[in-house]
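Undergrad: would you be able to build a 3D model of this:
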Amino acid sequence: MTRFLTAALLALSLPLSPLPAQAATPEDTLVVAWVFDDIISLDPQEMFEISTFEVVGNVYDTLVMFDLDDTSQLEGQIAESWEVSDDGLTFTFKIRPDLQFHSGNPVTAHDVVYTFQRLTAMDKGPAFLIQDLGITADNMDETLTAPDDMTFQMVVDNPYAPSYVLNVLTSANFSIVDSELLKQQEQDGDWGNEYLKTNSAGSGPFILRQWRPDELIMVEANEDYWQGAPQLNRIFWRHITEPATQRLQLEAGDVDIARNLTPDQIEGLEGAEGVEFTETAQGTNLYMGLNVANEHLGKPLVREALRYLVDYQGMADTFLRNQWTVNQTFLPRDVLGYVDSKPYNLDVDKAKALLAEAGYPEGGFGLTINVASTRPERMDAAQSFQATLGQAGIELEILPSDARTALTTYRERKHDIYLGTWGVDYFDPASNDVFVVNTDNSPDAESKPLAWRNSWQNEELSEQALQLQRERDSEAREQGYQQLILDWQPVSPFVMMFQAIEVAALRDNVKNFRLGPSADANLYLNVTKE
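TA: Numbers count the residues shown, from 1 in each chain. The predicted structure is shown next:
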């Protein structure tokens, strides 16, 4: 029986519901209990859901990657070295020799050109990442080139801060794909998009073998990986929505890692035999997006009132304790430009005064909120917000769904309020310009950042953010973003609430597992089991 068939049969045999204690999972296999119902596509140049980044980050390599211990530092992956021209427009990368894709095809500069052109031309959700550098479908043949098999050049449209451009390229949306394989899989000029929705074409430490939506993801070790073969032969991520079930299966040894436990369950496991914990602050924010196309939310005073109707500290001290910390800015802590500005607290009287000034002395209107019901902390936050809005005379209807449905509604601008998360694409403040920049608010705009999703455009703040992308002095750039945050907070269509601290519980025989500061940095290459 082939290795793949053996793995597939193992996938089918793993229990999908709580069972009594049994033998531990196989030594060469890691089983992770996790909620990943937001996954829509596994195509790196299409995906834009947080869970997908973890899978893609372990199946593909990017040109460059940030240092997990110091996100301000960069190191090469596909690229062995790089240089920037004196005018700041041309970035030249030397490709690491003797790399190969899972298919056995060699990794060359032509694959990098194909990947970047693919991201540009497919024009899916993350396409703005490269389009913001001035690279378009019209000019990509001139701006993305391979002078030889091992040299890749990219020409951008402005002398941006080099750190900004290089950090952009660390995003998993720039994962290098096997151009020869995808050209064989193309259908009607789709760049192999239909194929990559459920398959992979990478060169990373693991090979995608199976994805069953809302059930199972399985990868196998790439024994020829350039940094050495993984210690584990395979990883299973099992979609288990109930935190209580995750805890039971962890205690029983049916899973090796539980990723979505509540604070109560984590506290209940403290001191339990055979269980350990790991935690890391994440570049992920929990926030609410307010669609200003709604006649009520279109009024800045109403949006400001809603920011005073959130029980930030009450949530942080109870059902979000130890996993989320209050952050009312669009930047995570430790990212250049972050400022510790928390001007809002629960103040119903202040909110009522603002509503009265806006023409709603008794509240008297209703709103809806879209939220993923499979994420308990989001439902709890929505219910808390529902209660505090009620104190100001505003009726909030909660519209629960799976994460995919909530996201789709949000992306189509069909929401009143969306409650969800946003994780940085790369560790540079420009990653979160999506909360500010919206240069085209039309329904068919090419770029659809978060500001666009909420039908909001502020040309002055947009230009302020775009100028900071080009600021090459690090100190001036930091101060500029801090001021941008202060200018943006009272007028934006966002209620920024919390920054994530991800906690995972694991069996004590799992070694070298660490949560990265972003989803694509949750890497399993060096994980072992004893």
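
Undergrad: so this structure: which segments form each domain?
TA: 3-7+21-37+204-274+508-530, 61-202, 283-500 (automatic domain parsing).

Undergrad: and those domains, which one averages the lowest pLDDT?
TA: Comparing mean pLDDT over the domains of the chain, the weakest stretch is domain 3-7+21-37+204-274+508-530, at a mean of 92.

Undergrad: A strand includes Thr409, no?
TA: No. Using DSSP: H, G, I helix; E, B strand; the rest coil, the assignment for Thr409 is helix, not a strand.

Undergrad: if we can go back for a sec, what's the closest of the domains of the chain to Phe48?
TA: domain 61-202 (4.1 Å; CB to CB). Every residue, glycine included, has its C-beta placed from N, CA and C.

Undergrad: and that closest one, how far out from the chain's middle?
TA: Mean C-alpha position of domain 61-202 versus that of the full chain (CA atoms, centre = their mean, to the nearest Å) differs by 19 Å.

Undergrad: between the two ends of it, how far is it?
TA: 7 Å (CA to CA, to the nearest Å).

Undergrad: can we start the residue count at 8 from this point?
TA: Yep, numbering from 8; the last one is domain 68-209 now.

Undergrad: mind putting the domains of the chain in TSV, mean neighbour count and distance to Thr59 included?
TA: Below are the domains of the chain laid out as TSV (neighbours: other CB atoms under 10 Å; distance: least, CB to CB, whole Å):
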stretch	mean neighbour count	distance to Thr59
domain 10-14+28-44+211-281+515-537	19	8
domain 68-209	19	8
domain 290-507	19	11
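
Undergrad: distance to Glu56 for the ones you listed - can I get that in JSON lines?
TA: Listed next are the domains of the chain as JSON lines, based on distance: least, CB to CB, whole Å:
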{"stretch": "domain 10-14+28-44+211-281+515-537", "distance to Glu56": "9"}
{"stretch": "domain 68-209", "distance to Glu56": "9"}
{"stretch": "domain 290-507", "distance to Glu56": "7"}
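
Undergrad: for these, which one sits closest to Val62?
TA: domain 10-14+28-44+211-281+515-537 (5.9 Å).

Undergrad: ok, which of the domains of the chain comes nearest Pro51?
TA: The nearest among the domains of the chain, by CB to CB, is domain 68-209 at 3.9 Å.

Undergrad: what secondary structure does Phe243 sit in?
TA: strand.

Undergrad: what's the distance between it and Thr285?
TA: 19 Å (CB to CB, to the nearest Å).

Undergrad: if we compare the domains of the chain, which one ends up closest to Ser58?
TA: Here domain 10-14+28-44+211-281+515-537 is closest among the domains of the chain (CB to CB), at 3.9 Å.

Undergrad: dump the residue contacts of the closest residue in space to Trp41 that isn't next to it in sequence.
TA: The shortest distance from Trp41 to any non-neighbouring residue, by CB to CB, 6 or more residues apart in numbering, is to Arg266 (4.4 Å). Listed by CB atoms under 8 Å, 6 or more residues apart in numbering, the contact partners of Arg266 are 39-42, 253, 509, 511.

Undergrad: in helices only, show me the residues you listed.
TA: When DSSP state H defines the helices, the subset of the contacts of Arg266 inside them is Gln253.

Undergrad: which of the contacts of Arg266 sits closest to Gly397?
TA: Val42 (28.9 Å).

Undergrad: once you drop chain neighbours, what's closest to that closest one?
TA: Asn267 (5.0 Å).

Undergrad: so which elements touch the strand ranked longest in the chain?
TA: Longest among the strand segments of the chain by residue count, using DSSP state E, is strand 282-297. Packing partners of strand 282-297 (3 or more CB pairs under 8 Å, 6 or more residues apart in numbering; DSSP states H and E): helix 270-276, helix 307-314, helix 383-398, strand 424-430, strand 501-514.

Undergrad: pairing partners for the fourth one, with directions?
TA: Read it as strand 424-430. Each strand paired with strand 424-430, and its direction, by DSSP bridges: strand 282-297 (antiparallel), strand 372-379 (parallel).

Undergrad: alpha carbons only: can I get it in PDB?
TA: What follows is strand 424-430, C-alpha atoms only, in PDB (Å, rounded to 0.1, in the frame of the first residue of the first chain):
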ATOM      1  CA  ILE A 424     -22.100  45.800  11.000                       C
ATOM      2  CA  TYR A 425     -19.600  43.000  10.600                       C
ATOM      3  CA  LEU A 426     -17.800  41.600  13.700                       C
ATOM      4  CA  GLY A 427     -14.700  39.600  12.900                       C
ATOM      5  CA  THR A 428     -10.900  39.600  12.800                       C
ATOM      6  CA  TRP A 429      -8.200  41.100  10.600                       C
ATOM      7  CA  GLY A 430      -4.600  39.800  10.600                       C
END
